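> The sequence and its predicted three-dimensional model are supplied below.
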Amino acid sequence: MNTRETTSRPGRGSARVEVRSIDQVPLAERHGRVRDQFTLWFGLNANIFVVVLGGVTVFLGLNLLWAGISIVVGTLIGLALVGFHAIQGPKLGVPQMIQSRGQFGFYGAVLIFAASIVLDVGFLAAQLVIQADAMNLLIGEVSIPAWIAILVVPVVVLTVFGYDWIHRFQKIMTPILAVTFVVVLIQAIDRGAPTGAAAGTTPPTFAAFMAATGLFVVTVVSWAPYVSDYSRYLPPTVNLRRTFAAVTLGIGVPTVLCAFVGAYLTGLLPEASSTVAAIADVSGRWVLPVMAISLIGSDVVNSYTGMLAVAGILSCVHTIRRSVVVRVVGSLMIIGVGTACALWGYQAFVGNLSNFLGVLLYVLIPWSAINLTDYYFIRRGDYDVPSFFTPAGRYRGFLWPGLIAYLLAVAAQVPFIVQTFYTGPLVAGLGGVDISWIVGGVAGVLFYLLALRLVGAATGRRGNDGGGR
């Protein structure tokens, strides 16, 4: 791994609207420091959404001790995947989803782009509802739909200005949010200890523990399709171990802290109308605007990454590289759809959120396993980046090893799914445990075997061509 860390600064253009979208960032425009990755991801994960998810672990029947264990275990599993995605950014200089063309093909990756857009829109909608709920508790005369419309405004501005402004905003938010959530935790502890079932130490059912753990696996892994988008401007000479550490610590520390705050508050005030209301009860109304603002950065990266996925799909029919128009229009499309979903579904938020996160596990884990297998074990980081942008390149058309492995892995999960709308036939024999997200990890093995057998990807030039059509 490289050992040199850059001290370069953004160019003059960084004060203006970002001009690049899905194209590779030239070496002359690479800038930033590894520590910026820590502040970015800390600011993105120190938020009320994670607090709400921590409360869900208690609603699932876990006491505070086991809720904490499930939070830590799920977060660590997710970080093991996300950290290795993060260091692809400085190496290749392209968005994470564009790099997926190396596994699925120029056109085949549209499937992954579409899944990414659903992810971005879903998270944006869910977060806007949580933010609006916080502000509605502060100023009840303004309805939740009206607050959703108001909170979208800064999201539009930051998304349009782009990469450097996202980093700058999170540098400001990191110390504010760190102090706020530590204060909230101290106030919660001072208020008293959880009582009843939440105060016990009895291990939960394995099904409940796995459900809670899976919740945080997907919470962390959901950053995988994003993570290289925000490290791709770093020079390729940065220290990759430090980059890995900056990203994983930036995600892991606030996730565990905020989720534990949520679990503690839910155990302390089980009758509260919502986790947001519990925070206001413990800390006072001053905390509500901070809770709402805490999710602006995450709203922005969902919009920004969704825009990149839209640009990726459009590039299949029209050449798109450096285009401010595409960035702005794509961003507004994602924000518009996310806002519409928030306005439509806010009254049934909790049920919608649980179902949404469960489905995410089924589509994200197989993609992540294939991407990491290809990058680290088959191509070993050796990609022909110009071929990401043309159907006539090395990753032409459809790369069947990746597509077949992905679809087989998704299908293999179906018998193990536990959802409100469907329960797989093998779940009962496992005591009701949903292990579908673990089964999804076989995608990496399937991909490796298919790549070896169908195209000899590990050893020959034809393998590097990827078996495209």
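Alright, I've got the coordinates.
> Please enumerate the strands of the stretch 151-300 of the chain.
With strands called from DSSP state E, counting those that start in this stretch, the stretch 151-300 of the chain shows none.
> Extract the residue ranges of it that are flagged as low pLDDT.
Across the stretch 151-300 of the chain, nothing is flagged by pLDDT under 70.
> residue ranges for the helices of it, please.
163-191, 206-221, 240-268, 275-283, 287-293, 296-314 (DSSP state H, counting those that start in this stretch).
> deepest of those, which one?
Highest mean neighbour count among those (mean count of other Cβ atoms under 10 Å): helix 296-314, with a mean of 26. For glycine as for every other residue, the C-beta is placed from the backbone atoms N, C-alpha and C.
> C-terminal to that helix, which secondary structure element comes first?
Scanning forward in sequence from helix 296-314 by DSSP states H and E, the next helix or strand is helix 324-345.
> Let's have the helices of the stretch 151-300 of the chain in TSV, adding distance to Pro90.
Output for the helices of the stretch 151-300 of the chain, formatted as TSV (distance: least, Cβ to Cβ, whole Å):
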stretch	distance to Pro90
helix 163-191	14
helix 206-221	21
helix 240-268	7
helix 275-283	37
helix 287-293	30
helix 296-314	17
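> Between the ones you listed, which one is closest to Gly78.
helix 206-221 (2.6 Å; Cβ to Cβ).
> Among the helices of the stretch 151-300 of the chain, which comes closest to Val94?
helix 296-314 (9.6 Å).
> Report the backbone C-alpha coordinates of that closest one in CSV.
Output of helix 296-314 as CSV, limited to C-alpha atoms (Å, rounded to 0.1, in the frame of the first residue of the first chain):
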residue,chain,number,x,y,z
ILE,A,296,-28.9,17.1,6.0
GLY,A,297,-25.4,15.8,5.1
SER,A,298,-26.8,12.2,4.7
ASP,A,299,-29.7,13.6,2.6
VAL,A,300,-27.2,15.3,0.4
VAL,A,301,-25.0,12.2,-0.2
ASN,A,302,-28.1,10.2,-1.1
SER,A,303,-29.1,12.8,-3.6
TYR,A,304,-25.5,13.1,-4.9
THR,A,305,-24.9,9.4,-5.3
GLY,A,306,-28.4,8.9,-6.8
MET,A,307,-27.5,11.6,-9.4
LEU,A,308,-24.4,9.7,-10.3
ALA,A,309,-26.4,6.5,-10.8
VAL,A,310,-28.9,8.4,-13.0
ALA,A,311,-26.0,9.8,-15.0
GLY,A,312,-24.6,6.2,-15.3
ILE,A,313,-27.9,5.0,-16.8
LEU,A,314,-28.1,8.0,-19.2
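> helices or strands up against that helix?
If contacts are counted by 3 or more Cβ pairs under 8 Å, 6 or more residues apart in numbering; DSSP states H and E, helix 296-314 sits against helix 35-45, helix 96-99, helix 110-138, helix 144-161, helix 163-191, helix 324-345.
> right, and those - which one's nearest Val414?
Using Cβ to Cβ, the helices and strands packed on helix 296-314 put helix 110-138 closest to Val414, at 16.3 Å.
> ok so, going back, and the helices and strands packed on helix 296-314 as a markdown table, adding distance to Leu407?
Below are those laid out as a markdown table (distance: least, Cβ to Cβ, whole Å):
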| stretch | distance to Leu407 |
| --- | --- |
| helix 35-45 | 31 |
| helix 96-99 | 18 |
| helix 110-138 | 9 |
| helix 144-161 | 32 |
| helix 163-191 | 33 |
| helix 324-345 | 26 |
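> Ala278: which of these is closest?
helix 163-191 (8.6 Å).
> so where is the stretch 1-150 of the chain shaky, pLDDT-wise?
Counting by pLDDT under 70, the stretch 1-150 of the chain contains low-confidence ranges at 1-15.
> switch the cut-off to 80
1-16 (pLDDT under 80).
> count of neighbours near Val317?
Residues lying near Val317 (other Cβ atoms under 10 Å) number 7.
> Enumerate every residue touching it.
Listed by Cβ atoms under 8 Å, 6 or more residues apart in numbering, the contact set of Val317 is empty.
> before we move on, back to that, so which of the helices and strands packed on helix 296-314 is nearest Tyr264?
helix 163-191 (5.3 Å).
> Give me the distance between that closest one and the centre of its chain.
Relative to the centre of its chain, helix 163-191 is centred 19 Å away, using Cα atoms, centre = their mean, to the nearest Å.
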